[in-house]
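A.B. asks: With the sequence up front, the predicted model follows.
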Amino acid sequence: MHNPPTHTAKTELQLLVRGLVYAPGDASYESEAAAFNLATRHTPDLVLAAVNADDVVAAVKWASARNMSISVQSTGHGTANAITDGLLISTRYMLELSIDPEEQTAHVGAGVRWRDVLHAAAPYGLTGLHGSTTDVGVIGYTPGGGLPLMGRKYGFASDHVLAFDLVAPDGELRRVDAVSEPRLFSLLRGGKGNFGIVTAMELSLFPAGQLYAGGIFYDGAHAKDVLAS
C-alpha cells in the first residue's frame, strides 16, 4: 500500500489519537523529534507525541497498514542513528507513576525518568536500581540490562522487572510477565530488541537505608601500591 501525502497522513492519524501529530514544517516538529544529543537530527515523516497506550496501539496499527516504518523514543538518550522517514512515536508524555510501598514496587509509564521514581519512592524509604544519571528514562534504560550503582548487591536492573505492558508489532497491547509469556518476558529483560513498544513497566524497589558514595583518586606515583592492594 502506498503511503498518503504527509498532510493527509497527519490528518488521518490525528483523528485516531489523543496526542498531537506533527509533520515537517510544523512549529513544534523539530523539538518533538529531537534526540538528547542534538548532533543527531531526526527527520521522520510524522511524529506522534503519544499520551497513553491507546495512542501507541492506534499508531502502530495505522502505520503497519501503510507499510510505514515505526521508530520510538522517550528522552532520546539512546540515539545511535538518525531517523530519516516513517513514523516516530514519542513516549515522553506517558508519565504515569505509582508506588506500592507494601509490595515495594513501582509502576512507571514509558516517559518516566529515574529521578521521578526516586522522588516518589524516597518518602517510603525505597529506591530504584538507576545508573550514574537519573535523567534517563526508566524504560529506555532497563530493557537493555541497566547496570545500577547498587549492581554489586542486586545485579542488573532488568533482573528485577516484574511485568511489561507491550504493544506488539500487530498493534495489540499485551501484559507480559513470567507467567503469561515467559519466553518474551525473558527476551525483554536485557534483550533491548525490537519486540514491540513498552508503554509501561512494573519493577521492584529496594530499601534505601544509608548510602555513601564518592570518588577516590590517587596520584599516578602510587599506582603500583594501589593496584596491588
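C.D. replies: Yes, it's here. The shown structure was predicted, so the numbers you read here are calculated from the model rather than taken from an experiment. Residues are numbered from 1 along each chain as shown.
A.B. asks: Now do the helices in this protein.
C.D. replies: 6-14, 29-33, 53-65, 114-121, 138-141, 151-154, 182-188, 223-228 (DSSP state H).
A.B. asks: I'd like to know which of these is closest to Tyr212.
C.D. replies: Comparing the helices of the chain by their distance to Tyr212 (CB to CB), the top pick is helix 151-154, with 13.3 Å. For glycine as for every other residue, the C-beta is placed from the backbone atoms N, C-alpha and C.
A.B. asks: Show me which positions of that closest one end up buried.
C.D. replies: Going by neighbour count (16 or more other CB atoms under 10 Å), nothing in helix 151-154 comes out as buried.
A.B. asks: Offset the numbering so it begins at 656, please.
C.D. replies: Yep, numbering from 656; the last one is helix 806-809 now.
A.B. asks: How about Glu751: what's its closest non-neighbour residue?
C.D. replies: If you skip the residues right next to it in sequence, Glu751 has Gly764 as its closest partner in space, 3.8 Å away by CB to CB, 6 or more residues apart in numbering.
A.B. asks: wouldn't that neighbour be in contact with Thr854 here?
C.D. replies: Yes - Gly764 is in contact with Thr854 according to CB atoms under 8 Å; the separation is 7.0 Å.
A.B. asks: Can you check which residues contact both of the two?
C.D. replies: Taking CB atoms under 8 Å, 6 or more residues apart in numbering as the contact definition, Gly764 and Thr854 share the neighbouring residues 746, 749.
A.B. asks: picking that back up, now mean pLDDT and distance to Asp825 too, for the helices of the chain, in CSV please.
C.D. replies: Listed next are the helices of the chain as CSV, based on pLDDT from 0 to 100; distance: least, CB to CB, whole Å:
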stretch, mean pLDDT, distance to Asp825
helix 661-669, 93, 18
helix 684-688, 96, 26
helix 708-720, 98, 8
helix 769-776, 97, 30
helix 793-796, 93, 20
helix 806-809, 88, 35
helix 837-843, 95, 13
helix 878-883, 88, 54
